[in-house]
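[1] Dropping the sequence and predicted coords here.
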Amino acid sequence: DAGVIQSPRHEVTEMGQEVTLRCKLISGHNSLFWYRQTMMRGLELLIYFNNNVPIDDSGMPEDRFSAKMPNASFSTLKIQPSEPRDSAVYFCASSPTRGLTYTFGSGTRLTVV
Amino acid sequence: GEDVEQSLFLSVREGDSSVINCTYTDSSSTYLYWYKQEPGAGLQLLTYIFSNMDMKQDQRLTVLLNKKDKHLSLRIADTQTGDSAIYFCAGDRDDKIIFGKGTRLHILP
């Protein structure tokens, strides 16, 4: 298995543009987590899904952020419109069992200018 | 305060032991974890300990858990340059894993 795959690895966009980050889970994993990492705040959990259903989105900063799981192996995190303060590294992680061990993707480094 | 707290930086000479400390607030965690993040990469699970254990050893790694004090530590014996990374302490809660801010381990020659 290739592990959790995120795309793109790097994204530079202008303020106000829509950004879509993508994540492919490991086959057979049924939980998906989106995190944001910054120097100031560390690793923040944005949202997580179990069996394609959003369980907890309390970490999503604002309505500009949305996440979906159109099928069991794929998820998107969308920011519309993007702002400079959204600049961070966004990670997704998947797990075969709720709350046990996570496998992280390599992250998407987002820069909003 | 934060759910999981750890110091942000640690410098250790190559060959010495590194000890990274962590305190947590939620005593209901079943598992406590140490994850490692190398530059430009995601977090990788390094080791974990079940909450009813007080020690776990895995090659150069020793995890100590003091449940009374809610204190977790990671000892890396014979620290090498390849151990340079950010180390995250974490605990499970409500089907999620809560991470600390990470300790950046710097290896001195």
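    Good, I have the coordinates.
[2] interface residues of chain A facing chain B?
    Counting by Cβ under 8 Å from any Cβ of the partner chain, chain A comes close to chain B at A:4, A:31, A:33, A:41-43, A:45, A:48, A:50, A:55-56, A:91, A:93, A:98-107. Bear in mind the C-beta positions are built from the backbone N, C-alpha and C, glycine included.
[3] Would you write a PyMOL line that selects the buried entries of the residues you listed?
    Selection of buried members from these for PyMOL, criterion 16 or more other Cβ atoms under 10 Å in any protein chain shown:
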select buried, chain A and resi 4+31+33+42+43+45+48+50+55+56+91+93+99+100+102+103+104+105+106+107
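[4] Show me the residues of chain A next to chain B that map onto strands.
    A:31, A:33, A:42-43, A:45, A:48, A:50, A:55-56, A:91, A:93, A:103-104 (DSSP state E).
[5] Between which two of those is the distance greatest?
    A:G42 and A:N50 (23.8 Å; Cβ to Cβ).
[6] how about the nearest residue to the spatially most central residue of chain A, chain neighbours excluded?
    For chain A, the residue lying nearest the average C-alpha position, counting by Cα atoms, centre = their mean, turns out to be A:W34 (3.4 Å). The shortest distance from A:W34 to any residue other than its chain neighbours is 4.4 Å, reached at A:L46 (Cβ to Cβ, 6 or more residues apart in numbering or on different chains).
[7] Hmm, the one you found is touching A:I79, no?
    No - checked against Cβ atoms under 8 Å, the pair A:L46 and A:I79 is beyond contact range at 10.5 Å.
[8] Give the residues shared as contacts by these two.
    Both A:L46 and A:I79 are in contact with A:F65, where contact means Cβ atoms under 8 Å, 6 or more residues apart in numbering or on different chains.
[9] what about the residue nearest to A:Q17 when sequence neighbours are not counted, distance to chain B?
    Setting aside the residues directly before and after it, A:Q17 is nearest to A:S82 in space (Cβ to Cβ, 6+ apart), at 5.5 Å. Look at A:S82 and chain B: by Cβ to the nearest Cβ, to the nearest Å, they are 22 Å apart.
[10] now swap in A:T111 and tell me
    For A:T111, the distance to chain B (Cβ to the nearest Cβ) stands at 15 Å.
[11] Figure out how far the lowest-mean-pLDDT helix or strand in chain B is from the centre of its chain.
    The helix or strand of chain B with the lowest confidence, counting by mean pLDDT, DSSP states H and E, is strand B:96-99 at a mean of 86. The chain centroid and the centroid of strand B:96-99 are separated by 13 Å under Cα atoms, centre = their mean, to the nearest Å.
[12] Quick check: B:G82 is in a helix.
    Yes - secondary structure assignment places B:G82 in a helix (DSSP: H, G, I helix; E, B strand; the rest coil).
[13] residues near it, how many?
    8 (other Cβ atoms under 10 Å in any protein chain shown).
[14] Let me see the ranges of the strands in chain B.
    Listed in chain order (using DSSP E), the strands of chain B are B:4-6, B:9-13, B:18-24, B:31-37, B:43-50, B:55-58, B:61-66, B:71-76, B:85-93, B:96-99, B:103-108.
[15] Report the distance from the fourth one to the chain centre.
    Spelled out, it's strand B:31-37. Its chain's C-alpha centre and that of strand B:31-37 lie 6 Å apart, by Cα atoms, centre = their mean.
[16] and that strand, which strands flank it?
    Strand partners for strand B:31-37, identified by DSSP bridges, are recorded as strand B:43-50 (antiparallel), strand B:85-93 (antiparallel).
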